[in-house]
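return atomic coordinates for the entry below.
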Amino acid sequence: MHSMPTAEIIFNYFPDLSDHQKNQFNQLFDLYSEWNSKINVISRKDIENLYVNHVLHSLGIAKVISFKKGASVLDVGTGGGFPGIPLAILFPDTQFHLVDSIGKKITVVNEVATGIGLKNLTSEQIRAEQVKGKYDFIVSRAVTRLKEFYGWIHQKVKSESVHTMDNGILYLKGGDLNEELAELKRLHQVFELSDYFKEEFFETKKVVFVPI
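The predicted structure follows:
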C-alpha cells in the first residue's frame, strides 16, 4: 500500500509555519497531481517526490535568505511554479511575480495559486527579457547557463538593497558548476543545500547567489 505523500518533511525543516501555511503546503500534492495529469509540468514518475524534489528544493532559497515584508521577487522560467509557489507560501508578505514563456505552464501556476488562496503572487506568460519593472531578487531553477541568464535579467534588479544580502540572483542548480561560474566572470557565492537538508537528492544541489 502506497501512502500519500504528505508535507511533513517541509514542517520538519520549517517548524514555525502557521496552520494556514501548513494547510497550503498540504494541498499542493492533490492540486499538482490533478493538473499534472492534464498539463505535464513535472515528470509523471516524479510527482510522488513532489515534496522533496520540488517543494523543499524550492525552499532551499529560504535557507539562504528571508525575504522581507514588501520585497518583490521575480521567478523566471517558473514552469509549474517552482521555486515561486513554495516561496510565496513561506513569505506571505513578499510579492512574487512568476513568468514562463509557455502559457500552459502559467495555467498550472494560476490554478494551483488560486486553489490554495495565494494573495501575494502574480503570473504572466512572457519571455524573461521582456519583463518590465525591477525586483529585489530574481529566483530561478536552472533554466539556462548562468551567463546567459544574467544577460536576460541583470537590468531588472532594484539598485537599493534592503536585505542582509545585496539584491541579485538566487539560482537553484545541481552538479559541478566550476566551468559555468568561471564563464560567468562575476562575484558569486555558492551555498550547498546538503548543509541544510539531509535527503540524498540534495547532495549535489546548490543555491548560487550573484549580487547585481
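
can you dump the C-alpha coordinates of the helix or strand containing W35 into PDB?
Using DSSP states H and E, W35 falls within helix 19-36. C-alpha atoms of helix 19-36 as PDB (Å, rounded to 0.1, in the frame of the first residue of the first chain):
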ATOM      1  CA  ASP A  19      -1.700  26.300  10.300                       C
ATOM      2  CA  HIS A  20      -2.700  28.300   7.200                       C
ATOM      3  CA  GLN A  21       0.700  27.700   5.600                       C
ATOM      4  CA  LYS A  22       0.700  24.100   6.600                       C
ATOM      5  CA  ASN A  23      -2.700  23.700   5.000                       C
ATOM      6  CA  GLN A  24      -1.400  25.400   1.800                       C
ATOM      7  CA  PHE A  25       1.600  23.100   1.600                       C
ATOM      8  CA  ASN A  26      -0.600  20.000   2.300                       C
ATOM      9  CA  GLN A  27      -2.900  20.900  -0.600                       C
ATOM     10  CA  LEU A  28      -0.100  21.000  -3.200                       C
ATOM     11  CA  PHE A  29       0.100  17.300  -3.800                       C
ATOM     12  CA  ASP A  30      -3.500  16.900  -4.800                       C
ATOM     13  CA  LEU A  31      -3.500  20.100  -6.900                       C
ATOM     14  CA  TYR A  32      -0.300  19.200  -8.800                       C
ATOM     15  CA  SER A  33      -1.400  15.600  -9.200                       C
ATOM     16  CA  GLU A  34      -4.700  16.800 -10.800                       C
ATOM     17  CA  TRP A  35      -3.200  19.500 -13.000                       C
ATOM     18  CA  ASN A  36      -0.100  17.500 -14.000                       C
END
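
pull out the buried residues from it.
Q21, K22, Q24, F25, N26, Q27, L28, F29, L31, Y32, W35, N36 (16 or more other CB atoms under 10 Å). No exception for glycine: its C-beta is placed from N, CA and C like everyone else's.

dump those into CSV; add distance to Y171 and pLDDT as well.
Output for the buried residues of helix 19-36, formatted as CSV (distance: CB to CB, whole Å; pLDDT from 0 to 100):
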residue, distance to Y171, pLDDT
Q21, 25, 98
K22, 28, 98
Q24, 25, 98
F25, 23, 98
N26, 28, 97
Q27, 27, 97
L28, 22, 97
F29, 26, 96
L31, 26, 97
Y32, 23, 97
W35, 25, 95
N36, 24, 92
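
quick check: I169 is in a strand.
Yes. The assignment for I169 by DSSP: H, G, I helix; E, B strand; the rest coil puts it in a strand.

that one - how many residues pack around it?
For I169, the count of nearby residues is 25 (other CB atoms under 10 Å).

could you number the chain from 17 rather than 1 from now on?
In the new numbering, first residue 17, that becomes I185.

that one bridge partners, please.
I185 has the following beta-bridge partners by DSSP bridges: I154, V226.
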